[in-house]
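Undergrad: With the sequence up front, the predicted model follows.
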Amino acid sequence: MPPGPLPLPIIGNLHLLDITRQDVSFIKLSKTYGPVYTLHFGSRKVVVLVGHEAVKEALLSKDNEFINRPYIPIFYKIQHGNGIFFSDGDLWKTIRRFTLACMRELGMGKNQMERKIQEELHFLIEMINSHKGEPFPLKAFIGAPTNITFILLFGDRFDYADPTFVTFLGLIDDVMTLLGKPFLHVFNALPYLGFLLKPHKTILRKIGETNAILHRYIQGAKQGVSENSMGSYIDGLLFRQKEEEKSESKKMFYDANITASVLDLVMAGTETTATTMQWAVLIMMKYPEIQRKVQEEIKRILGSERVPTYEDRKHMPFTLAVIHEVQRFSSVVLQFPRCTAVDTHFRGYFIPKVDASRIYMYRSMFKIPISSLGSEFQNKATLYTANKVETQRSASPKTVELFLCMCVSGAT
């Protein structure tokens, strides 16, 4: 096993972690133990990979060995091994492959989705203008990116005032907030103390409320699903379920897995972009000189009338660099926990296939060393050149970049 700090009885190395910002703790420890090291979360051994190069090597050159998901108590209680993110083996491969293909079919990464984002931008601008220059909460920005995901999931957008939409937003915010609570991390490390803790119980109750809403939509969509009427991710899942019922193959698209897969995208697929947007607005407020440079670049390329397209990013390197720096600084997606499917060697270390062993991967948004960026937002001139955003293979997804770029443009 890779080296690491000496664990204490019962708690392991939990005393070395800032539970509210594990990513910062992981980076700090990597300066002592290197980009690959071992921690103990209670009695569980955890191998931590820090930085773009280490994570890239694990995911690309040893992808079949680092393919499984570990047992994490809260996510097992939520999904029971179903869904996109915390299933593993053949189930994970099948649902992941289907999800990627379905999203492409629905327009993800294509001009079709670009138009949907442009349409949603107009609704966002209307919402901002409705406040007539008066202050309003940052959470008001959540509706727009959430609707982009919901168009893919349900086939249509929601009005920002729709009661179901408002309920969805409240449940998503509550669950994601609770998932970051320190006591939730204690529960994951020491699940036998669950009877003393409250956050996981509240999470499960709110997940139950969310699943009840999803179940209504899924049952309603079952009535008219066919190959010629697939206008959403739910339609695609149900059509595959229907096709599966005709065959003798192992069932992958059963009801619990369909609900879990939609829930994964409702939670993780909406909150990440929405939170990144809020960080972007906060950072623009804190660094007005950065905001001014972004505004100048956008106006120079787009003028005052045209909305941006994905192709415009090639001509707006500073704006794109700011978006990438916002993503690095905010670290909305902190870790990608996995576990080894077989005994393996990685960078000279032996990592066994053990039920209690898992891998946390903290990936730098950029190829430049994490230590050279630090924990502060990089608002100096080096931001423009250091990131080399046009060549970053580790950059953000196309749709996220485009949406953030459009929202920055619309806000200016």
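TA: Here it is on my side, so go on.
Undergrad: Could you tell me what pLDDT the model assigned to Arg328?
TA: pLDDT, the model's per-residue confidence, is 75 for Arg328.
Undergrad: what residues are up against Pro199?
TA: Pro199 makes contact with 178, 181, 183-184, 187, according to Cβ atoms under 8 Å, 6 or more residues apart in numbering. Placement of C-beta: from N, CA and C, glycine included.
Undergrad: Report the buried members of those residues.
TA: Buried positions within the contacts of Pro199, assessed by neighbour count (16 or more other Cβ atoms under 10 Å), are 178, 181, 184, 187.
Undergrad: Now render these as TSV, adding secondary structure and distance to Ala144.
TA: Putting the buried ones among the contacts of Pro199 into TSV (DSSP: H, G, I helix; E, B strand; the rest coil; distance: Cβ to Cβ, whole Å) gives the following:
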residue	secondary structure	distance to Ala144
Leu178	helix	24
Lys181	coil	27
Leu184	helix	28
Phe187	helix	33
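Undergrad: So for the residues you listed, which is the shakiest by pLDDT?
TA: Summarising pLDDT for those: the lowest-scoring member is Lys181, with 82.
Undergrad: Look up phi and psi at that residue.
TA: Its backbone dihedrals place Lys181 at phi -70, psi 140, with angles given as degrees, to the nearest 10.
Undergrad: do you know how far it is from Thr94?
TA: The span separating Lys181 from Thr94 equals 33 Å under the rule Cβ to Cβ, to the nearest Å.
Undergrad: Just to be sure, Phe318 is in a helix?
TA: Yes. The assignment for Phe318, made by DSSP: H, G, I helix; E, B strand; the rest coil, places it in a helix.
Undergrad: hang on, isn't it packed against Val294?
TA: Yes. Between Phe318 and Val294 there is a contact at 6.6 Å, judged by Cβ atoms under 8 Å.
Undergrad: All the helices of the stretch 201-350 of the chain, residue numbers only.
TA: When secondary structure is read from DSSP state H, counting those that start in this stretch, the stretch 201-350 of the chain shows helices at 233-245, 255-286, 288-302, 317-330.
Undergrad: do you know which of those lies nearest Phe123?
TA: Closest approach to Phe123 among the helices of the stretch 201-350 of the chain is made by helix 255-286 (14.2 Å; Cβ to Cβ).
Undergrad: buried sites along that closest one?
TA: Judged by neighbour count (16+ other Cβ under 10 Å), helix 255-286 contains these buried residues: 257-281, 283-284.
Undergrad: as a whole number, average confidence for that helix?
TA: Model confidence over helix 255-286, given as mean pLDDT, is 88.
Undergrad: quick one, it and helix 288-302 angle?
TA: Regarding helix 255-286 and helix 288-302, their directions subtend 110 degrees when assessed with axes from the mean of the first three to the mean of the last three Cα atoms, to 10 degrees.
Undergrad: Sketch out the low-pLDDT regions of this protein for me.
TA: Of all residues in the chain, those with pLDDT under 70 make up the ranges 227, 331, 333-336, 354-412.
Undergrad: ok, which stretches of it are strands?
TA: Listed in chain order, the strands of the chain (DSSP state E) span 36-41, 44-50, 344-346, 349-351, 358-362.
Undergrad: Go through these and pick out the most buried.
TA: Neighbour counts (mean count of other Cβ atoms under 10 Å) averaged over each of the strands of the chain peak at strand 44-50, with a mean of 24.
Undergrad: which strands and helices sit next to it?
TA: Packed against strand 44-50 by the contact rule (3 or more Cβ pairs under 8 Å, 6 or more residues apart in numbering; DSSP states H and E) you find helix 22-33, strand 36-41, strand 358-362.
Undergrad: closest one to His131 among the ones you listed?
TA: Comparison of these against His131 by Cβ to Cβ identifies helix 22-33 as nearest, at 33.9 Å.
Undergrad: Packing partners of the closest one?
TA: Helix 22-33 sits against strand 36-41, strand 44-50, strand 358-362, with contacts defined as 3+ Cβ pairs under 8 Å, 6+ apart.
Undergrad: Now these in TSV, please, with extra columns for distance to Gln22.
TA: Compiled in TSV, the helices and strands packed on helix 22-33 are given as follows (distance: least, Cβ to Cβ, whole Å):
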stretch	distance to Gln22
strand 36-41	10
strand 44-50	9
strand 358-362	8
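Undergrad: ok, back up a step: what's the closest of the helices and strands packed on strand 44-50 to Ala140?
TA: When the helices and strands packed on strand 44-50 are compared for distance to Ala140 using Cβ to Cβ, the nearest one is helix 22-33, at 27.3 Å.
Undergrad: Run through the residues that contact Arg157.
TA: In this structure, Arg157 makes contact with 120, 123, 147, 150-151, judged by Cβ under 8 Å, 6+ apart.
Undergrad: ok, it to Ile218 distance?
TA: 18 Å.
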